[in-house]
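make a model of this:
(one chain, ligands or ions: 1)
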Amino acid sequence: MPLLDFFFPGLAPATSSAWPLLTGVPSIYGRLLCICGLLLLFGKYASEYFGKLLETYFTSKIEVPYSDEAYDMLIFWVCSQPFARSARTSLAMVDLKSSRRSNGRESHANKKSLHYSPCNGRSYFWHKRHLFVFERKRNQGELGFTREEACISYFGRNPNVLRELLDECRRYYLGLVKNKTCVFEHEGDRWKPSKSRNKRDMSTVIINKKLKEMLLGDVAEFLDPKTRTWYSTRGLPYQRGYLLYGPPGTGKSSLSLSIAGQFDLDVYVLTMSSLNDHNLKTLFAELPQHCIVLLEDVDATGVHRTQDSKADASQSLGQNGSPRMSANGKVSLSTLLNVLDGLASPEGRVLIMTTNHIERLDPALIRPGRVDMKVEFHLAEEDMISQLFFFVYDPHSKTVISGDDSKEELPQLAQEFVAKVPKLEFSPAEIMSLLLANKQSPRHAIASVDTWMERIREERRKFTRTNSWALDDNDGL
Ligand SMILES: Nc1ncnc2c1ncn2[C@@H]1O[C@H](COP(=O)(O)OP(=O)(O)OP(=O)(O)O)[C@@H](O)[C@H]1O
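Residues are numbered from 1 along each chain as shown. Here you go, the predicted model:
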């Protein structure tokens, strides 16, 4: 017993109380049953004990939280490994690589193919002459959210082996997202990678050439390492802000994604309507260096002007130092202004705000320093209509679609199309929808202009009526 207690502390009391029972049982079968029970108890206890001992002294481990991009790196690599295919309990997900492999032209057979990764429990696998254990757990987090966590361990005491494995996962993942723009969205106060999109070539966004060059030149200059040194020697916060404003469907979001693709930056999208002051501060504090923070439709975000828009950061703290929420639980303007200027903002952060209504924005939000360049987007004028036409039908364009008209005729057809579409009335998005609906035939697009215009105008009239009713209803309330 003392020996048992020495090796397996806690087991001896259990077995000692079972001993008199064992000796007191008169029947041989009863004794055998007791012995089996004791052996089972001992076996379970010993395996747990040795398992813990092994884990504590002879294995190395790295935990990877669900909210971090490293989680995706690990999972995508795991999915590509043979051991993942033989796991008996798996999680099924749509394969990120499938569209890449098929070069965008997915046949029905491999469309949205699934990949499987082991879940709930441990999977053992050999890799580069080491035995690893992959484990995935699900914990119940705050507010009832289920939080996942993965960990990878190996039998050995050199942590570099695990780091090298994670580095391999990282390289594999970067290969997968090559030519893609990684977009992050928030879940509570955590960033989570959402879908990665194919990089959008800058040439596919049609705006005034000079304006585009000016904007790209400004971003390039800002991201130049020399500029960073320039900022730091002067003690200035190394951040830049842009405001893209104009009617819906004029290319503001598309341009933001193209900039991200061109400069190989990740995009962090902030949806202000689902945030409060505390979450906004935490999310800003967790942004990486060199990224784009995209604040879309900033006028519609619910940011409201507080009495003290110039309040300092200390004022937004409650009595016990905890962050004070704005009155309606949403983000207050003062907090937004503070995080944009504040120390929590990362180095090299490019802020892009987009809006359809610049006149609704608080002047403090878009003052120089917070917004360094304002770019106005317009409805399509003559040159833009013509560029959109060539973009869709020009055989030299990357999105070539063979048409029924010869190439020589195209300039002539473009002129006809431009002559039929009124200037500064329709957005590029609307014109694109017409052209794409007739992508096989420019002639057909020209013939459809009148009916298309009529339809768009009617939709607008309906929309205005509905909106005015909604406003009347609100007035009534
Ligand atoms: N200037 C443009 N050049 C090329 N495509 C455009 C342009 N503007 C809009 N489009 C097309 O129209 C669609 C909508 O564009 P986008 O979302 O960028 O507009 P937006 O100005 O951000 O609109 P909103 O203000 O409603 O968010 C996209 O699919 C895009 O390809």
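
rest of the way, CA atoms for contacts and neighbours
Fine.

could I get the phi/psi values of the residue positioned nearest the centre of the chain?
Nearest residue to the geometric centre of the chain (Cα atoms, centre = their mean): Phe184, 1.9 Å. Torsion angles at Phe184 (phi, psi; degrees, to the nearest 10) stand at phi -110, psi 140.

ok, now how distant is it from the ligand?
Per Cα to the nearest ligand atom, to the nearest Å, Phe184 is found 17 Å from the ligand.

what bridges to that residue?
Beta-bridge partners recorded for Phe184 (DSSP bridges): Pro193, Tyr268.

just the pLDDT at it, thanks.
Phe184 is assigned 91 on the pLDDT scale.

thought it was touching Leu265?
No: judged on Cα atoms under 8 Å, Phe184 makes no contact with Leu265 at a distance of 11.4 Å.

element containing the residue in the stretch 351-477 of the chain positioned nearest to the ligand?
Per Cα to the nearest ligand atom, Ala429 is where the stretch 351-477 of the chain lies closest to the ligand, at 3.4 Å. Counting by DSSP states H and E, the element that carries Ala429 is helix 428-437.

contacts for that helix, please.
249-251, 379-380, 384-385, 388-389, 392, 442, 445, 449, 452 (Cα atoms under 8 Å, 6 or more residues apart in numbering).

change it to 10 Å
If you take Cα atoms under 10 Å, 6 or more residues apart in numbering as the criterion, helix 428-437 is touched by 205-207, 248-251, 378-381, 384-385, 388-389, 391-393, 421, 427, 438-439, 441-442, 444-446, 448-449, 452-453, 456.

out of those, which touch the ligand?
When contact is defined as Cα under 6 Å from any ligand atom, those meet the ligand at Val205, Ile206, Ile207, Pro248, Gly249, Thr250, Gly251.

excluding covalently adjacent residues, which one is nearest to the fifth one?
Take Gly249 and drop its neighbours on the chain: the residue closest to it by Cα to Cα, 6 or more residues apart in numbering is Ala429, 4.8 Å away.

got the angle for the longest helix along the chain vs helix 428-437?
If you go by DSSP state H, the chain has its longest helix at helix 442-476. Orientation check (axes from the mean of the first three to the mean of the last three Cα atoms, to 10 degrees): helix 442-476 against helix 428-437 gives 140 degrees.

helix 442-476: which residues count as buried?
By 16 or more other Cα atoms under 10 Å, the buried positions in helix 442-476 come out as Pro442, Arg443, Ala445, Ile446, Val449, Trp452, Met453.

cool, and stretch 424-438?
Counting neighbours by 16+ other Cα under 10 Å, the buried set in stretch 424-438 is Phe426, Ser427, Pro428, Ala429, Glu430, Ile431, Met432, Leu434, Leu435, Leu436, Asn438.

one more: stretch 209-217?
Buried residues in stretch 209-217 (16+ other Cα under 10 Å): Lys212, Leu215, Leu216.

quick one on the thing from earlier: look up how far Glu213 lies from the residue of the stretch 351-477 of the chain closest to the ligand.
Ala429 sits 21 Å away from Glu213 when distances are taken as Cα to Cα, to the nearest Å.

neighbours around the residue in the stretch 51-200 of the chain that the ligand sits nearest to, how many?
Using Cα to the nearest ligand atom, Arg200 is the residue of the stretch 51-200 of the chain that sits closest to the ligand, at 9.4 Å. As a burial measure, Arg200 scores 20 neighbours (other Cα atoms under 10 Å).

repeat that for Ala84.
24.

that one and Tyr116 touch, don't they?
Yes: if you go by Cα atoms under 10 Å, Ala84 and Tyr116 touch, sitting 6.8 Å apart.

now do the shared contacts for the two.
Common neighbours of Ala84 and Tyr116 (Cα under 10 Å, 6+ apart) are Ile75, Val78, Ser90, Leu91.

among these, which ones are buried?
Buried among these by 16+ other Cα under 10 Å: Ile75, Val78, Ser90.

so the second one is in which element?
So that's Val78. Counting by DSSP H and E, Val78 is part of helix 69-79.

residues contacting the helix or strand following that helix, please?
Going down the chain from helix 69-79, the next helix or strand is helix 82-85, by DSSP H and E. Residues outside helix 82-85 that contact it (Cα under 10 Å, 6+ apart): 75, 77-79, 90-91, 115-119, 123-126, 134.

switch the cut-off to 6 Å
Ser117, Pro118 (Cα atoms under 6 Å, 6 or more residues apart in numbering).

partners of the helix or strand following it, with directions?
Downstream of helix 82-85, the first helix or strand assigned by DSSP H and E is strand 90-94. Using DSSP bridges, the strands paired with strand 90-94 are strand 114-118 (antiparallel).

list the buried ones in the partner strand?
Quick answer for strand 114-118 (16+ other Cα under 10 Å): His115, Tyr116, Ser117, Pro118.

hmm, the first one is touching Met93, no?
Yes: contact criterion Cα atoms under 6 Å: His115 and Met93 qualify, at 5.4 Å.

where do the contact lists of those two overlap?
By Cα under 6 Å, 6+ apart, no residue touches both His115 and Met93.

against Leu216, how distant is Ser258?
10 Å.

and for Tyr245?
Tyr245 is 17 Å from Leu216, by Cα to Cα.

swap in Asn356?
For Asn356 relative to Leu216 (Cα to Cα), the value is 22 Å.

just the helices in the stretch 251-400 of the chain please.
All helices of the stretch 251-400 of the chain, identified by DSSP state H, counting those that start in this stretch, fall at 252-262, 277-285, 333-341, 382-393.

please point out which parts of the second one sit buried.
By neighbour count, with 16+ other Cα under 10 Å as the criterion, the buried positions of helix 277-285 are Asp277, His278, Asn279, Leu280, Lys281, Thr282, Leu283, Phe284.

one more: the last one?
When neighbours are counted by 16+ other Cα under 10 Å, the buried residues of helix 382-393 are found to be Met384, Ile385, Ser386, Gln387, Leu388, Phe389, Phe390, Phe391, Val392, Tyr393.

correct me, but Ser153 touches Glu63?
No: using Cα under 6 Å, Ser153 is not in contact with Glu63; the gap is 8.5 Å.

between the two, which is the more surrounded one?
Relative neighbour count places Ser153 above the other of Ser153 and Glu63, with 20 against 14, counting by other Cα under 10 Å.

so that one bridges to which residues?
Lys61, Val133.

now for it: which residues touch it?
Here Ser153 is in contact with Ser60, Lys61, Phe132, Val133 (criterion: Cα under 6 Å, 6+ apart).

filter these down to the ones close to the ligand.
Answer for the contacts of Ser153 near the ligand: none qualify (Cα under 6 Å from any ligand atom).

redo those as a markdown table? Include neighbour count and pLDDT.
Below are the contacts of Ser153 laid out as a markdown table (neighbours: other Cα atoms under 10 Å; pLDDT from 0 to 100):
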| residue | neighbour count | pLDDT |
| --- | --- | --- |
| Ser60 | 19 | 93 |
| Lys61 | 21 | 93 |
| Phe132 | 24 | 94 |
| Val133 | 18 | 92 |
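
no further questions, thank you.
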